[in-house]
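Student: Sequence and computational prediction follow.
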Amino acid sequence: MGTASDTSASSARPSGDRPSLMRLPRARPEGGLRRSLVGTVVTAIGTLILALLLLEDPLVEHRVTQLAQETVQSSIAAVETRLRDGMPPDRVADLVGAETGTRVTILRGGRVIGDTGLDGEELDAEPLTHGVVHREAYDAFQEGRATPRRVSGKHVAFARHDDLVIQVVRSTALSDRVHATVRELLVLGGVMAVLIAILLTLVLGRMLVEPARELTRTADALAAGDLSARTHSDRDDELGAIGRALDRMADQLVDRLDTLRSEQDRLRTILNSMVEAVFVTDSLGRIVATNEALDQLVERDVRGRTAMEAIRSPELHEAVRAARKGDARHVEFEIKLDEVRAFSGHVAPLQEGAGVVAVLHDVSRLRETDRLRRDFVANASHELRTPLTAIRGFAETLRDGAIDDPSAARRFLDVILRHTLRLQALVGDLTALSRAESPDQTLELEPVDVAAATIEVVRGLQSKAEQRHVQLIFEPPDEALLVEANGRALDQVLINLVDNAIKYTPEGTSVRVRTRATESAVVLEVNNPGPPIAPQHLERVFERFYRIDEGRSRDVGGTGLGLSIVKHLCMQMGAEVRARSTAEEGTTFSVHLRRVGGGDPGNGLDSEAG
């Protein structure tokens, strides 16, 4: 809430006014996703090729051996078939060897009688020991032991047919060529696969990385506070779905922020419209939001400060400390600002220990009003008690026998009459003051001729001035002056001011009533040359029952309410009354009235201030 002067808001400062606290996104390396894709694919293919290379030798060896054994066995079967058909052994060895690519050797009694690689005389000349027959394998076969399948890098198999022994040998050169060919194919295929994979990964990366970058830029812009950023994606894949979801989230965020701002503005308006001063603290006790009333009270920005630093009141500080512990408190305290101000407040904790909220009501006027009420009751009681006591005393004296003394009785009756008239004047002034202060009474303003009203008042009080040996002088204006006023109220104001001046003017002097005009106002002045009023009294002369010299006031018949009545009647007419007093010119009371056709009389008052 900032203040509600800025909850942003404190809300009250809202916020909407605070600087953004959003953290900018951390910079990301460019091309990271593409490199990850390429690296992953290349690693996978490389691992697969390496595994194939490691498995190739045993797998190929097993398969080649299996094929060689099958060839050898099929060769033996072919030899046996042809021998049964009566074909010569040597011819059988040559045919079967040519057909199967093997070397077939047929033995009888340890001598070679047929061989794929020998013919004619070479058969008779080739003994067993000359290497045509693999001796180790032959001996094992003859003894009935397991015959080795590979001997000296060749595949060997034996079989018996009647009294013949058949040996079939297949070279391993083919197996070696197969091994080499498979390795070459694997390596070439792996290289091609890697190149194709890299190319496909680059293409796929471009298809994925650019949309992903756009998503990242949009997300970063939203995180930085740019709520207008959108992807506007029209893709039909998962990235398009993510982009549209991001756009929907941004739209919802804008709606929620608008709602939040609206609520903050409403809260700020409510807080700033309150006459009570409000502040909110965080969980550490530091003020995070205020309203305008508090800002005007402390006349500085107190956000970030503690309540004690903002308003130096031990009572308020103790209430805030108790509220932070979950205990709501009512507090009353006084502080010295431009003057001593009294406050009544309530300090309550926020939910979940988030801080406290304090509402402070300035009760200075209420206390002053209460003091004035008590003073008024006391003064009115005192003013009434004095004449009533005198009337009762003299009445009792007359009852006790003084009535039989004509001279004393007449003197006592004169005193009773004087105090009765004083009571009557006091009650009349109280009634007039009550009407003047009543908010229900509205005076109807109309154009009033100031000179004519003043002349009537001066004429009515002329005899009283003569009785006190005071000259009453009216200095009329050079032109007719009309003011916006109420005729009866203006008469009452003039009567009270002129009568007051007559009472306190020394005998043999004069009271002057003057009328002056400015562009927007008419100023009525009533001057008496009596002793000046001290400044400390001049500030309070318009208070009810306030007297500078109580004894003299009662002697001249004053009630202490006349100037207060003047002040309130002027306020109801939109006028202003002022007083100035100097030793040279005495005391002057001036009434500033709005001139008919003029502006605000206050605009022309500064030049008249004394």
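Tutor: Thanks, I have it. Residues are numbered from 1 along each chain as shown.
Student: from here on, contacts and neighbour counts on C-alpha atoms
Tutor: Fine.
Student: Return the helix or strand containing residue 564 as PDB; C-alpha atoms alone will do.
Tutor: Using DSSP states H and E, the element containing residue 564 is helix 562-572. The C-alpha coordinates for helix 562-572 follow below in PDB (Å, rounded to 0.1, in the frame of the first residue of the first chain):
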ATOM      1  CA  GLY A 562     -20.400  39.900  23.400                       C
ATOM      2  CA  LEU A 563     -17.200  39.400  21.400                       C
ATOM      3  CA  SER A 564     -17.800  35.700  21.100                       C
ATOM      4  CA  ILE A 565     -21.300  36.400  19.700                       C
ATOM      5  CA  VAL A 566     -19.700  38.800  17.200                       C
ATOM      6  CA  LYS A 567     -17.200  36.200  16.000                       C
ATOM      7  CA  HIS A 568     -19.800  33.500  15.400                       C
ATOM      8  CA  LEU A 569     -22.200  35.900  13.600                       C
ATOM      9  CA  CYS A 570     -19.400  37.000  11.300                       C
ATOM     10  CA  MET A 571     -18.600  33.400  10.600                       C
ATOM     11  CA  GLN A 572     -22.200  32.700   9.600                       C
END
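Student: how near is residue 232 to residue 43?
Tutor: 35 Å (Cα to Cα, to the nearest Å).
Student: Same question for residue 528.
Tutor: For residue 528 relative to residue 43 (Cα to Cα), the value is 112 Å.
Student: So between these two, which is more surrounded?
Tutor: residue 528 (27 against 13; other Cα atoms under 10 Å).
Student: what sits against that one?
Tutor: 501-502, 504-505, 510-512, 585-588 (Cα atoms under 8 Å, 6 or more residues apart in numbering).
Student: what do you get for residue 208?
Tutor: Per Cα under 8 Å, 6+ apart, neighbours of residue 208: residue 239.
Student: Three-state assignment for it, please.
Tutor: Secondary structure state of residue 208, per DSSP: H, G, I helix; E, B strand; the rest coil, is helix.
Student: going forward, begin numbering at 329 instead of 1
Tutor: Fine by me, first position is 329 from now on; the one you just mentioned is residue 536.
Student: Okay, buried residues for the helix or strand containing residue 800 please.
Tutor: Per DSSP H and E: residue 800 is located in strand 799-803. By neighbour count on 16 or more other Cα atoms under 10 Å, the buried set for strand 799-803 is 799-800, 802.
Student: what's whichever helix or strand comes after it in contact with?
Tutor: Counting by DSSP H and E, the next helix or strand C-terminal to strand 799-803 is strand 810-813. Applying Cα under 8 Å, 6+ apart, the contact partners of strand 810-813 are 772-778, 849-850, 901, 921-924.
Student: count of neighbours near the closest residue in space to residue 800 that isn't next to it in sequence?
Tutor: Among residues not flanking residue 800 along the chain, residue 839 sits closest, at 5.0 Å (Cα to Cα, 6 or more residues apart in numbering). Residues lying near residue 839 (other Cα under 10 Å) number 24.
Student: For the helix or strand in which residue 839 is found, which outside residues touch it?
Tutor: Using DSSP H and E, residue 839 sits within strand 838-845. With contacts defined as Cα under 8 Å, 6+ apart, strand 838-845 is touched by 779, 798-805, 809, 826, 829-830, 833, 850-857.
Student: Please apply the same query to stretch 559-577.
Tutor: Outside stretch 559-577, the residues touching it (Cα under 8 Å, 6+ apart) are 536, 539-540, 542-543, 546-547, 558.
Student: any chance of those in a markdown table, with distance to residue 732, pLDDT and secondary structure too?
Tutor: As requested, these are exported to a markdown table (distance: Cα to Cα, whole Å; pLDDT from 0 to 100; DSSP: H, G, I helix; E, B strand; the rest coil):
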| residue | distance to residue 732 | pLDDT | secondary structure |
| --- | --- | --- | --- |
| 536 | 128 | 71 | helix |
| 539 | 123 | 78 | helix |
| 540 | 122 | 78 | helix |
| 542 | 119 | 82 | helix |
| 543 | 117 | 82 | helix |
| 546 | 113 | 86 | helix |
| 547 | 112 | 86 | helix |
| 558 | 112 | 85 | coil |
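Student: any idea how far residue 411 lies from residue 497?
Tutor: 18 Å.
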